[in-house]
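> predicted model and sequence follow; I will ask about them next.
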Amino acid sequence: MSLLSLQTQRLSAGRWQDLPEPELADLFAPKVVQWLPAGFQTQDSDQARRDFLAAVSQQADIVALRLAEGKGIGLLILSYPEEGSRTRNLGYLLAEKAWGQGLASELIAGLQAHFGGSAVTLSGGVMQENAASARVLEKAGFTPEAVQGETVYSWRADG
């Protein structure tokens, strides 16, 4: 079940390595990465961003999110918390110009359809200050649980 086959009405998955420098830079803008783990905030050149994503891809599946016309506007990152786990840690980021258009909700619905009926659990941590991401996951039926200064939202594909 490759993430590269993920497609929604307005989004399709592609190789993150194919994102041109300006699109990748938009995804690492300070406002975009402010709620993500610390490593995202320190990538200040195209090479640093690509090296960082290459390192992350050793432990996670990463795909670019593209609009129908091909413009890269996001990244989806799914990692395994431990070997053999059916849980996938969910991370995503959208360029600031894509905010407020329902694309995050569309992405989550697409992931739920992609994994529907499988034994996968999607789990994503959200910092308290990131209310927009929390709302997206709550609307999609993810269950919240407070864990060490953040809320972890989970959704089981098999119900």
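Good, I have the coordinates.

> and the longest helix for this structure?
Counting residues, the longest helix in the chain under DSSP state H turns out to be helix 103-115.

> can you get me the start-to-end distance on stretch 137-147?
Start-to-end span of stretch 137-147 (CA to CA, to the nearest Å) is 16 Å.

> list the contacts of that stretch.
Stretch 137-147 has contacts (CB atoms under 8 Å, 6 or more residues apart in numbering) with 105, 108-109, 112, 122, 124-126, 134, 151-155. C-beta here means a position set from N, CA and C on the backbone, and glycine is covered the same way.

> same thing but 10 Å
90, 104-105, 107-109, 111-112, 122-126, 128, 134, 136, 151-156 (CB atoms under 10 Å, 6 or more residues apart in numbering).

> sorry, back to before: now the longest helix of the chain: mean pLDDT?
The average pLDDT within helix 103-115 is 96.

> tell me what it is packed against?
strand 11-14, strand 60-67, strand 72-79, strand 87-94, strand 121-127, helix 131-139, strand 150-156 (3 or more CB pairs under 10 Å, 6 or more residues apart in numbering; DSSP states H and E).

> list the buried residues for that helix?
103-104, 106-112, 114-115 (16 or more other CB atoms under 10 Å).

> how far off centre is it?
Relative to its chain's centre, helix 103-115 lies at 10 Å (CA atoms, centre = their mean, to the nearest Å).

> next up, the contacts around Arg135.
104-105, 126.

> can you list those residues in JSON lines and add distance to Asp61?
Formatted as JSON lines, those follow (distance: CB to CB, whole Å):
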{"residue": "Ala104", "distance to Asp61": "18"}
{"residue": "Ser105", "distance to Asp61": "21"}
{"residue": "Val126", "distance to Asp61": "20"}
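
> tabulate the helices and strands packed on helix 103-115 (CSV), appending distance to Gln47 and mean pLDDT.
Compiled in CSV, the helices and strands packed on helix 103-115 are given as follows (distance: least, CB to CB, whole Å; pLDDT from 0 to 100):
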stretch, distance to Gln47, mean pLDDT
strand 11-14, 20, 97
strand 60-67, 17, 97
strand 72-79, 17, 97
strand 87-94, 19, 95
strand 121-127, 28, 92
helix 131-139, 28, 93
strand 150-156, 30, 93
